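Student: fold the following.
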Amino acid sequence: MEYQYPIDLDWSNDEMMDVVSFFNAVEAYYETKVEGTQLIDKYKKFKNVVPGKAEEKQIFKEFEKSSGYNSYKAVKAVQSSPEQKYFSVNDK
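Tutor: Below you'll find the predicted structure:
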């Protein structure tokens, strides 16, 4: 699937990589499976780049519009079952 990631050009290269890495983990949640700790670690790095809730919601909305993947639901699935190792949208 071809789409662009919501990137702020004011971010450093490392910050851009952290954001893209998080969205790659969200993609894995929807397309295959992702390790829960990996998704949460990448989300924490994402939050270091995007600390504000309003900006996070806007970026999640842009990503969902272009990809069809809901980042919030992926993160919540992992947070609600910390004892589970792997997560996939197909597990529901």
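Student: helices of this structure, residue ranges please.
Tutor: In the chain, the segments counted as helices under DSSP state H are 13-31, 36-49, 53-67, 71-80.
Student: and the first one, how far out from the chain middle?
Tutor: Between the mean C-alpha point of helix 13-31 and the mean C-alpha point of its chain there is a distance of 6 Å (CA atoms, centre = their mean, to the nearest Å).
Student: just give the closest residue to Q4, not the sequence neighbours.
Tutor: In this structure, Q4 finds its nearest non-sequential neighbour in S66, 6.2 Å apart by CB to CB, 6 or more residues apart in numbering. To be clear about C-beta, it is placed using only N, CA and C from the backbone, and glycine gets the same treatment.
Student: quick check: the one you found vs Y86, distance?
Tutor: Distance of S66 to Y86, given as CB to CB, to the nearest Å: 26 Å.
Student: and for V75?
Tutor: Using CB to CB, V75 is found at 15 Å from Y86.
Student: show me which of these two is the more surrounded one.
Tutor: When V75 and Y86 are compared for neighbours, V75 comes out ahead with 21 against 14, by other CB atoms under 10 Å.
Student: I'd say that one and D41 touch.
Tutor: No - between V75 and D41 there is no contact under CB atoms under 8 Å: 11.6 Å.
Student: neighbouring contacts of stretch 51-71?
Tutor: The contact list for stretch 51-71, computed with CB atoms under 8 Å, 6 or more residues apart in numbering, reads 1, 3-6, 19, 22-23, 26-27, 29-30, 46-47, 50, 72.
Student: mind listing what V26 touches?
Tutor: Contacts for V26 were tallied using CB under 8 Å, 6+ apart; they are 34, 39, 63, 69, 71, 74.
Student: now the third one. Nearest residue, chain neighbours left out?
Tutor: Distances taken as CB to CB, 6+ apart place P6 nearest to F63, at 5.4 Å, with adjacent residues excluded.
Student: any idea how far Q84 is from that neighbour?
Tutor: Relative to Q84, P6 is positioned 28 Å away (criterion: CB to CB).
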